[in-house]
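Engineer: structure for this input, please:
(chains A and B)
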Amino acid sequence: MSPAYVGWRLLQVVPVVAGIVLVGFVLIHLAPGDPILALAGDAGDAEYYAAMHERFGLDQPLWRQVGTYFGNVARGDLGVSYTHGRPALDVILERVPATLLLAMVALLLSSTVGVAVGVVAAARAHRATDLAISGIALTFHAAPVFWIGQLALLAFALRLGWFPVQGMASAGSQLEGWARVADVARHLTLPALVLASQEIAATARLTRASMIEELRESYTESLRAKGVGPVRLLVRHTLRPALLPVVTLIGGRVGHLLSGAVVVEVVFGWPGLGRLLLTAMQTRNSPILLGIFLLVALCVVLANLLTDLAYRWLDPRITFTRA
Amino acid sequence: MLETPDLRRTAEPRRRSGLRRLTRSTSGVVGLGLTAVVVVVAVVAPWLSPHPPFSSVAPSLEPPSSAHLMGTDALGRDVLSGVLLGARTSLLVAVGVGLLAALIGISVGLLSGYTAGRIDDVMMRATEFVQVLPRFFLAVVVFALFGPGIDRLIVVLGLTSWAVLARVVRSETLSLRQRGFVLAARALGARWPRILLRELLPAVLPSTLTFVGLIMAQAILLEASLGFLGLGDPNAMTWGFLAGQAQRYLRVAWWLSVFPGVAIMIAVLGINQLGDGLTEALGRRSSSRPRA
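Structural biologist: From the prediction side, this is the model:
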């Protein structure tokens, strides 16, 4: 992978990010209601309103307002959260680690388990194991993630008592070191599994289809004729090319993963962005909501970038011309 | 007098065989069956539901019984009535988003693939951009700024769901644009709107249906997730709203969560499978390898 390619690919990100920020600006601009009226009440006279408009730059031409907005976002100034009285970015960043932990563990689970399950299904294509796996995958694919969460909560936490019901750590515990890690892990297991379940289903379905396609290629035939065993054939020879579309899928589902994380957090009382989003929605706290939107969009863009680079690393034959 | 029956005879068997081909595949049968159930329920829900969904008719949190097949919620409302009427909202969102996304995606894909020049470049950039927009979070922002509502949900999801379709249609069009039937039309003096609409559109339509089904199913899931978070249309009964209510009473009332979830799954599975089945039945063109 040449540095020139990486640099060129990084450069491509700039207009996309600018577009996303512009979407944010357009939405704020089109939103009904005069922000000055909301801020200052309707008791003032015309002169006062004009002064307020001037103070907040609302009398400036539109392109200049866009410029100001871009400048603010670039400096990390997303406005002040209405309910916290603090910069929105600070409030959001406090919640990021918990969500990141949940999403990353789920992503790790789904990529490994999903690929493994897909390979098994492909090896047993159109037999009982495959049909069972495909059926389960299809069901999970169609079920809403909050519902899987509620059912898991009902069965494994409330009825069987295997897992804690809510939160990220035992209430009032002063655990230190490994005991604390173990406590968080116990709280994390069920939400991570629930969040991963849909990604596992999607990954397994595509891995299966891609593997079956690869097994039809003529080179696998030659390898079989040379006496390469079935397991070795699958793992050493067909897995790598078959994984190419899977990598794209995983990278392309980061937005889905994060929206799923937000919903799962609400089901399990996980103290991440989801709870913040929920309270921000109830109070129409738009700086927070816009901030989360921008942050998630940035994550998706970065994930796509990494996917592209991984794709090229997995298959050096691929040369990207202007797509 | 002789020609008319002849025409009818050639027209009728084709239509019938389409349905027969659909019911030959598993996905076609499952999809058609489940989707039919949801559509029928959505249409007749007001007559079918035993109680008004928003009014208290029984003691609160009654488990399922013969009087209330799916139990009652915390305010004594009949869950069955809510689930039946919820089908309307979900289907409305799915159809609205599906139509809007299909309109944009197919138009962009056809134009992009047929012109294959500067217009293609610009449109593919736009498609890539739309693909990275996180739909769920965008909908949340729009609801916060403009207030929640089904109309704006359809617009937001429709405007952001078409990228996959545009890519599929574009790659199909690219592989078809130099085929004989297109060249023949052009040689006969057909202009590009006619070639796109009369020649290329019917050829690419079958393979898009599976993706339209996917988009519609995702719209149902997204609407449900938003409803679950309390962001649904306050005037409409939705499955997500019902499941969201269930969250607080999970310890004591499992039925509040289970039945709306099953309904969502039936609808999503049905529309997904119907899309797959239709594409299969109408003959997907697999001769062309989609180009990235």
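
Engineer: report the spatially closest residue to the residue positioned nearest the centre of chain A, excluding sequence-adjacent ones.
Structural biologist: Computing the C-alpha centroid of chain A and ranking residues by Cα atoms, centre = their mean puts residue A:258 first, at 2.9 Å. Spatial nearest neighbour of residue A:258, chain neighbours left out: residue A:296 (5.2 Å); criterion: Cβ to Cβ, 6 or more residues apart in numbering or on different chains. No exception for glycine: its C-beta is placed from N, CA and C like everyone else's.

Engineer: now residue B:225: which helix or strand?
Structural biologist: helix B:201-228 (DSSP states H and E).

Engineer: is chain A contacted by that helix?
Structural biologist: Yes - on the criterion Cβ under 8 Å from any Cβ of the partner chain, helix B:201-228 is in touch with chain A at B:217, B:221-222, B:224-225, B:228.

Engineer: now restrict those to buried residues only.
Structural biologist: B:217, B:221-222, B:224-225, B:228 (16 or more other Cβ atoms under 10 Å in any protein chain shown).

Engineer: just send those back as a markdown table, with pLDDT too.
Structural biologist: Formatted as a markdown table, these follow (pLDDT from 0 to 100):
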| residue | pLDDT |
| --- | --- |
| B:217 | 92 |
| B:221 | 92 |
| B:222 | 92 |
| B:224 | 90 |
| B:225 | 91 |
| B:228 | 89 |
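
Engineer: need the residues you listed in a markdown table with distance to residue A:288, can you?
Structural biologist: Listed next are these as a markdown table, based on distance: Cβ to Cβ, whole Å:
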| residue | distance to residue A:288 |
| --- | --- |
| B:217 | 30 |
| B:221 | 24 |
| B:222 | 21 |
| B:224 | 23 |
| B:225 | 19 |
| B:228 | 19 |
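
Engineer: which residue ranges form the helices in the chain?
Structural biologist: Chain wasn't specified; assuming chain A. A:3-30, A:35-40, A:46-55, A:62-74, A:88-123, A:128-142, A:145-152, A:177-215, A:218-225, A:230-232, A:239-252, A:254-268, A:273-282, A:286-314 (DSSP state H).

Engineer: nope, chain B please
Structural biologist: Under DSSP H, chain B gives helices at B:3-22, B:26-48, B:79-115, B:118-132, B:135-146, B:150-160, B:163-176, B:180-187, B:192-194, B:201-228, B:239-248, B:255-281.

Engineer: can I get the ones you listed in JSON lines with distance to residue A:63?
Structural biologist: Formatted as JSON lines, those follow (distance: least, Cβ to Cβ, whole Å):
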{"stretch": "helix B:3-22", "distance to residue A:63": "54"}
{"stretch": "helix B:26-48", "distance to residue A:63": "47"}
{"stretch": "helix B:79-115", "distance to residue A:63": "28"}
{"stretch": "helix B:118-132", "distance to residue A:63": "21"}
{"stretch": "helix B:135-146", "distance to residue A:63": "21"}
{"stretch": "helix B:150-160", "distance to residue A:63": "24"}
{"stretch": "helix B:163-176", "distance to residue A:63": "28"}
{"stretch": "helix B:180-187", "distance to residue A:63": "43"}
{"stretch": "helix B:192-194", "distance to residue A:63": "36"}
{"stretch": "helix B:201-228", "distance to residue A:63": "34"}
{"stretch": "helix B:239-248", "distance to residue A:63": "40"}
{"stretch": "helix B:255-281", "distance to residue A:63": "44"}
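
Engineer: residue A:45: which of the ones you listed is closest?
Structural biologist: helix B:135-146 (27.9 Å; Cβ to Cβ).

Engineer: pLDDT of the closest one, averaged?
Structural biologist: The predicted model assigns helix B:135-146 a mean pLDDT of 90.

Engineer: say whether chain A is contacted by it.
Structural biologist: Yes - counting by Cβ under 8 Å from any Cβ, chain A has neighbours in helix B:135-146: B:135-138, B:140-146.

Engineer: so what's the residue count around residue 82?
Structural biologist: You didn't pick a chain, so chain A it is. A count of neighbours around residue A:82, defined by other Cβ atoms under 10 Å in any protein chain shown, yields 14.

Engineer: wrong chain, I was asking about chain B
Structural biologist: 27.

Engineer: roughly how far does the residue lying closest to it once chain neighbours are set aside sit from chain A?
Structural biologist: Nearest residue to residue B:82, sequence neighbours excluded (Cβ to Cβ, 6+ apart): residue B:53, at 4.4 Å. Per Cβ to the nearest Cβ, to the nearest Å, residue B:53 is found 19 Å from chain A.

Engineer: next, the contact list for residue B:53, please.
Structural biologist: B:77-78, B:81-82, B:84-85, B:237 (Cβ atoms under 8 Å, 6 or more residues apart in numbering or on different chains).

Engineer: which of these sits closest to chain A?
Structural biologist: Chain A lies nearest to residue B:82 out of the contacts of residue B:53, by Cβ to the nearest Cβ, at 15.3 Å.

Engineer: correct me, but the closest one touches residue B:240?
Structural biologist: No - the pair residue B:82 / residue B:240 is not scored as a contact, 11.4 Å apart, by Cβ atoms under 8 Å.

Engineer: okay, and the common contacts of those two?
Structural biologist: In contact with both residue B:82 and residue B:240: residue B:260, using Cβ under 8 Å, 6+ apart.

Engineer: out of the residues of helix B:135-146 next to chain A, who's nearest residue B:190?
Structural biologist: residue B:135 (37.6 Å).

Engineer: grab the nearest non-local neighbour of that closest one.
Structural biologist: residue B:160 (4.8 Å).

Engineer: could you pull up the residues touching residue A:191?
Structural biologist: So residue A:191 contacts A:102, A:149, A:264-265, A:267-268, A:270 (Cβ under 8 Å, 6+ apart).

Engineer: mind doing that once more with 6 Å?
Structural biologist: A:102, A:264, A:268, A:270 (Cβ atoms under 6 Å, 6 or more residues apart in numbering or on different chains).

Engineer: now it: closest residue in space that isn't a chain neighbour?
Structural biologist: residue A:268 (4.3 Å).

Engineer: what about the one you found, how many residues nearby?
Structural biologist: 28.

Engineer: next: the one 10 residues further on.
Structural biologist: Using other Cβ under 10 Å as the criterion, residue A:278 is surrounded by 17 other residues.

Engineer: near chain B, which residues of the stretch 101-250 of chain A are found?
Structural biologist: A:142-144, A:146-147, A:150, A:154 (Cβ under 6 Å from any Cβ of the partner chain).

Engineer: can you tell me how far the residue nearest in space to the middle of chain B is from chain A?
Structural biologist: For chain B, the residue nearest the mean C-alpha position is residue B:216 (2.1 Å; Cα atoms, centre = their mean). Distance, residue B:216 to chain A, using Cβ to the nearest Cβ: 12 Å.
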